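Chemist: Everything below, folded, please.
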Amino acid sequence: MKNVVKYILIIALATLVIIQFIRPDKNSEGYDSIAAFEKETKPSAEVSEILKQNCYDCHSNQTTYPWYAEIAPFSYWLADHIKHGKGHFNASAWETYSVKKKDHKLEEFIEMVEEDEMPLPSYTWIHGNLNENDKKLLLQWVSLAKLQYSDELKMNAK
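Modeler: As a prediction, this is how the structure comes out:
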C-alpha cells in the first residue's frame, strides 16, 4: 500500500512539473482593443478606470495577469474564466455586435452589477470588490450608454 501511495505522489508531482511547461495562450492585445467600445459608449475617465480595474481582465482582449497566472493549474483556471467572460461579453468585439445585441449586453451589465454578480467572488478575493460609489457611477454610465441603442431599436421598429 505504501508503494502505491508513493507511486501516485510521484506521478502527481511529475504531472505538476510537466504542466508548468504547457501554457495557455495569454489574452494581451492591449487596451487599444477596447477603443471602439469606449468611443461609442463614452465612459468618463473615472468609469473607464473602474472598467479597467474590474471588468476588462475577463471581458476584453486585454488581461493584466497576477503573479500566480504563471503557475499551473492556476493559469488554466484563469484562462477558463477569461474564455467564459469573453463568451458572455467582450468589449473588444463591440464593433461586431448588432444594435440589438449591444442593447441586450448593456441590459445584462446593469443586472449583473445591481445584483452583485459581477465581478465574480473569485476575482474580488484578490482584486477587491466594487464599492457603492463605483457601482453608482457604472450604473449611471451604462444606463446613459444603453439609451442610444434602445432609441435606435425603437426607431428601426417603426
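
Chemist: any idea which helix is longest in the protein?
Modeler: Longest helix in the chain by number of residues (criterion: DSSP state H): helix 132-157.

Chemist: average pLDDT for that one?
Modeler: In this model, helix 132-157 has an average pLDDT of 87.

Chemist: Could I get the contacting residues of residue 106?
Modeler: 41, 142, 145, 146, 149 (C-beta atoms under 8 Å, 6 or more residues apart in numbering). Quick note: C-beta positions are derived from backbone N, CA and C, even for glycine.

Chemist: the helices in this protein, which residues?
Modeler: Under DSSP H, the chain gives helices at 2-19, 35-41, 45-54, 56-59, 74-88, 99-114, 121-127, 132-157.

Chemist: Let me know which of the ones you listed is tucked in deepest.
Modeler: Ranked by mean neighbour count, the helices of the chain are led by helix 56-59 with a mean of 23 (mean count of other C-beta atoms under 10 Å).

Chemist: quick one: contacts of that one?
Modeler: 31, 34, 62-64, 81-82, 84-86, 88-91, 119-120, 123, 127.
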